[in-house]
Each structure stands twice: as C-alpha cells, then as structure tokens.
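Asker: Give me a 3D structure for the following:
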Amino acid sequence: MFNKQAGFTLFTVLILTSMASIVVLSSLRETIVQERLSGNFQKKLNSRLLAEKGVFEQAKLLQQTINREGILAVDELINKTSDASGVGVIAADATFNASVSKNADGELEIASLGQRFEGDAQSNLVARFALQGAKGSSVFTNAMVGCKGVNLSGSGSIDSYDSSKGSYEETKSNDGDVSTIAGDSDVVLSGHSPIRGDVKATGVIYLNGSSPIIGNIHSNTGVYISPGSGLRVDGNVYTGGYYTHRGGTVSGVVRANGDAKMQWSTFITNNQGEALDIMYGGTGDFKDTYNNQQNGVHYSDSKFNVNPNVAPVTVADPSAPDYDPSNPDTNCDPLILPEKMVDILDEVTDYDTVSIGPTQQFKLNTQKGFFSQNGRQIIFPTFADIFLFDSNPQTKTSGSNSKESIFALDRLKMTSDGKMEVSGGDVILLVDGDFSMEGDTTLTIKKDSSLTVLITGKVSIGAGAKVITEQEGLTSSGHPSLSFYSTFNGINGVQFSGAANLYAAIYAPLTTVKLSGSGELFGSVRGSSITATGGSGAHYDASLLQVKNGTTPSSPARIVFLGWRYKTAETSEGESDASPAE
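Answerer: Below you'll find the model as predicted:
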C-alpha cells in the first residue's frame, strides 16, 4: 500500500524540475538580451567617441591653419584646410571621417562620422564653431575712440551691427563701445544720444543728457549723473574716483574708490543680486533715506563704506615697462602713421590735381582714372609700398606687382553735382592735401571694390554730399569698402556734415573728428577727439575687427565652440534625422 506513493513523488519532482528549467532558460534569454543591448550600447558609445575625435582633429587643423596664416575669413579658412585629411583610423574596425563647411548663419560647421566594427555601429556628430578674430589686431575696435575726449550732444544713437552677417536691422546689438586713451580724457554725453555699449574713460564720464547707457561705465576719475528720471545706466558703474548721482536709476551696482553722493529720487536696483548695491572708499552723502538703502540698511552704513579697489582704465603711458605701441587699446596711433606716411610720400615724385565739377563724372579703377563725361583728364597710378596691404594684397583689375598701384594727388575736390565712381578692385588714393565733397556730389564705390584714402590734409564731406557703398563692410580682399587714414595735425581734420548716411572706417589719431550732420556713420571712427552733434550717430561694424592693418594682436585669433548636435547615420543621400542638442 505504501509502495503506490513512489510514482507520485517522481512525477512531482519532474514537474518541479521542468519549472526550474523554464525559469533558468527565461533568465538566460533575458541575460543574453541584456548582454546584446549592452554590447550595442558600447558599440554606439565607441562610435560617438570616434565622431568626437574627428571633430577634435578637424578643429585642431583649423586652429593650426589660423596660427600659420593669421586672421582669415570663414570661406578662406575652409579653402586653406580643404586638402588636409579629416580621416583617421584608430584600428581596423574603428575609423572617423570629418569635414568642415559654412552653415547658413556663417558659422564653421564640422560634420564627423565615427564607425566601429566595419560600420556596424555609426554616429554622426555636427559641431558649430565661430571664427574669432585676434583681439587688438585691428585699429577699428570700438564704435568711437576719442583718444583725448568724446563729446556727444546730438540725438543719434551709438550701437553696433555686423555687416558680414546681415544688414543693420538684422544684426544690430549692444557692442557700440566708446572710449578714451590719453590720461584724464573725459566722455561727455548730453542731449538725446543713447549708447548701447560700454563706456570707458581715463577721465570723468558726464551723463548730462536724458538718454541711457546700455552697458557698463568705467572711469578713472569720476562719474557724474545729472538730475533726471528713468533709466540712466543699464549696467554697472565703476570709478577709481568719485561718484555723483543726482537723478534716475542705475540697474546694476556701483563701485567707487572715492566719495559717493546721491540726491533725492536716485536708485541703484542691483538687478544681478550682488551682496552690496554700492561700495565706496571715501565719504558718503545719501539724501534719500527711503530709496538709498538695501534691505533696510542705509547706504551710509559702514558695511557699504569699503574701498572696492576698482582697477583703472589703461592709460597710454610710453614710459610703462609693458607699454606696447602697436596695441590700439593703449596707443592712440598704433599704426605710427606719420612715420609710415613719410616713407610712402618719399616714393612718389609726381602728383595730379583732380577737380570734379558740374555735370562731370570721374571713373577710377586700379589701372587709371578718367572723365567719362564732360572732361578729358586721364591719370595713371604709380607704385608704392603701402603697409596696409602687407597682409591683404591689393586686388587689381589685372596683373600684379610687389608694390601697390596708387593714385597720387595733391588735392581732390568735388563740387556742384559732380560724381565719382570707384570699381575694379582695391583703389588707393594718396592725397597730399585736402579731400572735399561739396554741393550735391556723389561718390559711388561698386560691389567687390574698395577705396582707401591716405591723406595729409583735411577731409570734408558736406551737407548735400552722398557716399554710396554698394557693399558695406569688408571686400573679399579684406579691406573696408571705404577707409580714411589721416595724418593731419590740427582741429576738425575730418568733418562729416552730410544728411545722407556714410559707411567708413576713419583713422585720424592726430586731429578732431566732427560729426554734425543728420546722417549717421556706419563703421568706426578713431580720432584725437570726437564731437558729434545734430542727428549724427555711430553704428559700429563688428566685421572691422577682421581688418589686418599691421598692429600686433594682444590675443591670437581662434575658433570658438558654439554648440553641437548628434544625429543618426544618414539613411539616404541628403536625408537625416538630426536633432539639436545644444
């Protein structure tokens, strides 16, 4: 009777064994799946790392090209590296392939394909880079540099844009910086001239007008904000001297090594949320007991009366041990223009005089200048070594020479409705005298051409005169479409009183630049001092930072990483499922 139970026990064991086997097989299958998933993930990760290495290698090639060739435009940089290999083989089954191009925004774009296990795992990586010019390599670094002072009393605004990326309306920004260089040189702002950029002065900054500064202000001597209401400084205030605030609002903080005075209805809003609204090293005088306080503590409290030790604005000091005469931030004339102008003048023996009067039209290219209407005069260029073209050779209509083709004039005068047209490349005028445009005159600079004027006398563009540059900014050769380099030493060496807008890069470190018309200046201006009245404003063209004109860079040109995005391998030509991940 008890022997009948043995068969049931065996059956039970078999059932339990089968169930255990099923569990083990299921676990084994899951383990295999997990191992395969891990393996695929590892392959994918390896391919992404290879794609990243491709980006790094291509970026290194770009930087090496910049270090070797100097500042280049994006297209030039791509062409210079087109023959360099972006292909790498780490092992037989680990490769990368990178290429560089320019995207729609004008940025450098490196596309890299990383492959592992003979293409079984692939990753595409696209990285975006900006080309950043060498700081200090161009003399056109700010909207306005008035070495010995800037006085703005008009109604025109000061701001910036970038002609290499689009029009003024498309690219305008707040980099319209204004500065002085010589010791104790002031910046005086009155009228209605808003500045969208930083203001630096080796002397005092006077805010006498009603318009705000959209940026930081930094003075060695003092800051004076006149009575008024509303926003006066949309940024921070730094001064190595006194701070006097008589009306309106500063949106940032105030740091003053000297005395601080604030009248009624004055505000420091400290939008950045720093620990202290104001710090001052001298005495404090704060009239507004309600507004001149932070978290219930009045600005007269000792916690605010602490010297912030504001670093000074750099002053031109040739006796300083680290003084660099070629640095445009520390020398008003980093090109040492008078000496170089003498060398150029010594190479020229004959000068022409050009006067363009009623109904006359004068055409000028790199081969000759001639009247195409109502005139017979023809002038031909001579050769001279123009240092401004050492880095960017002159583009000519035909032929080449180790020296530049220049037109040497002792005067260029346009009157009535006279017209002049510049075409055919980079035209250079050497004017050992004055350049003037009066009446309803017109100067037209055709696309892909530029006019560089080296002048010893005065430049005067009158109220009715018009200067038309068909291509603003830099030409393909890297020169501004219109530029003036003046060695005139005296007052009002450059005057612009036109009603029409003007694009120009103006370099006149020894004379006063006077902007008095209703037209606005696009480009950049550097003068001994600058005075702007009327409706004239200045819109700094950031593309002028790429100008190579013989100064020593204070920091090298480089490519700057902007962002990246991964994408899967392309399934067909021109088709992908890219997804940004910046």
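Asker: what sits up against stretch 387-400?
Answerer: 70, 335, 340, 365-367, 386, 404-405, 424-426, 428, 448, 452, 475-479, 485, 548-550 (C-beta atoms under 8 Å, 6 or more residues apart in numbering). Quick note: C-beta positions are derived from backbone N, CA and C, even for glycine.
Asker: Return the distance of that stretch from the chain's centre.
Answerer: Here stretch 387-400 is found 24 Å from its chain centre; the criterion is C-alpha atoms, centre = their mean, to the nearest Å.
Asker: which residues does the spatially closest residue to Pro381 that is not a sequence neighbour form a beta bridge with?
Answerer: Spatially, and ignoring its direct neighbours in sequence, Pro381 is nearest to Ser405 (3.9 Å; C-beta to C-beta, 6 or more residues apart in numbering). Taking DSSP bridges, one obtains Phe383 as the residues bridged to Ser405.
Asker: try Val187
Answerer: Where Val187 sits in a bridge, its partners, by DSSP bridges, are Val150, Ile205.
Asker: gap between it and Met420?
Answerer: For Val187, the distance to Met420 equals 36 Å [C-beta to C-beta, to the nearest Å].
Asker: I'd like the mean pLDDT over the longest helix along the chain, please.
Answerer: Counting residues, the longest helix in the chain under DSSP state H turns out to be helix 6-69. Taken as a whole, helix 6-69 has a mean pLDDT of 75.
Asker: now do stretch 195-206
Answerer: Stretch 195-206 comes out at a mean pLDDT of 96.
Asker: Now it: buried residues?
Answerer: When burial is assessed from 16 or more other C-beta atoms under 10 Å, stretch 195-206 yields the following buried residues: Ile195, Arg196, Gly197, Asp198, Val199, Lys200, Ala201, Thr202, Gly203, Val204, Ile205, Tyr206.
Asker: could I get those as a markdown table with secondary structure?
Answerer: Below are those laid out as a markdown table (DSSP: H, G, I helix; E, B strand; the rest coil):
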| residue | secondary structure |
| --- | --- |
| Ile195 | strand |
| Arg196 | coil |
| Gly197 | coil |
| Asp198 | coil |
| Val199 | strand |
| Lys200 | strand |
| Ala201 | strand |
| Thr202 | coil |
| Gly203 | coil |
| Val204 | strand |
| Ile205 | strand |
| Tyr206 | strand |
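Asker: With respect to Asp541, which of those residues is nearest?
Answerer: Gly197 (13.0 Å; C-beta to C-beta).
Asker: picking that back up, take the contacts of stretch 387-400 and keep only those in helices.
Answerer: Counting by DSSP H, the contacts of stretch 387-400 contribute Lys340 to helices.
Asker: and the contacts of stretch 387-400, which are buried?
Answerer: Buried subset of these (neighbour count, 16+ other C-beta under 10 Å): 70, 335, 340, 365-367, 386, 404-405, 424-426, 428, 448, 452, 475-479, 485, 548-550.
Asker: hmm, back to that, so how far is the very next helix or strand once past the longest helix of the chain from its chain's centroid?
Answerer: Downstream of helix 6-69, the next assigned helix or strand under DSSP states H and E is helix 74-80. Here helix 74-80 is found 19 Å from its chain centre; the criterion is C-alpha atoms, centre = their mean.
Asker: Can you list the helices and strands that helix 74-80 packs against?
Answerer: Where contact means 3 or more C-beta pairs under 8 Å, 6 or more residues apart in numbering; DSSP states H and E, helix 74-80 is packed against helix 6-69, strand 94-102, strand 108-116.
Asker: nearest to Asp175, of these?
Answerer: strand 108-116 (21.0 Å).
Asker: What residues sit buried inside the closest one?
Answerer: Leu108, Glu109, Ile110, Ala111, Ser112, Leu113, Gly114, Gln115, Arg116.
Asker: Quick one, grab the pLDDT at the fifth one.
Answerer: In this model, Ser112 is scored at 85, pLDDT.
Asker: How about it: what's its closest non-neighbour residue?
Answerer: Gly54 (3.2 Å).
Asker: Around the one you found, how many other residues sit close by?
Answerer: 27 (other C-beta atoms under 10 Å).
Asker: Quick one: residues contacting it.
Answerer: Gly86, Gly88, Phe96, Asn97, Ala98, Ile110, Ser112, Leu113, Gly114, Leu125.
Asker: Surely the last one is in contact with Leu49?
Answerer: To tie it back to what came earlier, the one meant is Leu125. No. Using C-beta atoms under 8 Å, Leu125 is not in contact with Leu49, being 9.8 Å away.
Asker: where do the contact lists of those two overlap?
Answerer: Common neighbours of Leu125 and Leu49 (C-beta under 8 Å, 6+ apart) are Gly114.
Asker: Of these two, which one has the most company?
Answerer: Leu125 (24 against 17).
Asker: can you pull up the bridge partners for that one?
Answerer: Ser112, Tyr566.
Asker: again with the one 4 residues further on
Answerer: For Phe129, the residues forming beta bridges with it (DSSP bridges) are Leu108, Phe561.
Asker: where along the stretch 351-500 of the chain do the helices fall?
Answerer: For the stretch 351-500 of the chain, no helices are identified by DSSP state H, counting those that start in this stretch.
Asker: which intervals of it have sub-threshold pLDDT?
Answerer: 398-400 (pLDDT under 70).
Asker: At which residues are the helices of the stretch 201-350 of the chain located?
Answerer: Under DSSP H, counting those that start in this stretch, the stretch 201-350 of the chain gives helices at 337-346.
Asker: Just the strands from it, written as ranges.
Answerer: Using DSSP state E, counting those that start in this stretch, the strands of the stretch 201-350 of the chain run over residues 204-207, 217-219, 222-225, 231-233, 237-239, 242-245, 248-250, 254-256, 260-262, 266-268, 278-280, 284-286, 293-294, 297-298.
Asker: nearest to Asp434, of those strands?
Answerer: Per C-beta to C-beta, nearest to Asp434 of those: strand 204-207, 33.5 Å.
Asker: Summarise which helices and strands that closest one is packed against.
Answerer: The contact analysis (3+ C-beta pairs under 8 Å, 6+ apart) places strand 204-207 against strand 187-189, strand 217-219, strand 222-225.
Asker: Looking at the contacts of Gly54, which is nearest Val23?
Answerer: When the contacts of Gly54 are compared against Val23 (criterion: C-beta to C-beta), the nearest one is Gly114, at 40.6 Å.
Asker: Out of the helices and strands packed on helix 74-80, indicate the one that is most buried.
Answerer: Comparing these by mean neighbour count (mean count of other C-beta atoms under 10 Å), strand 108-116 ranks first with a mean of 23.
Asker: Next one: the nearest residue to Gly241 once chain neighbours are set aside from Arg526, what distance?
Answerer: In this structure, Gly241 finds its nearest non-sequential neighbour in Gly222, 4.0 Å apart by C-beta to C-beta, 6+ apart. Distance of Gly222 to Arg526, computed by C-beta to C-beta: 25 Å.
Asker: again, but for Tyr323
Answerer: Taking C-beta to C-beta, one finds Tyr323 at 19 Å from Arg526.
Asker: Could you do Phe383 as well?
Answerer: In terms of C-beta to C-beta, Phe383 sits 28 Å off from Arg526.
Asker: Among the two, which residue is more densely surrounded?
Answerer: Using other C-beta under 10 Å, the more surrounded residue of Phe383 and Arg526 is Arg526, with 26 against 13.
Asker: Does that one touch Val145 like I think?
Answerer: Yes. Assessed by C-beta under 8 Å, Arg526 is found in contact with Val145 at 4.3 Å.
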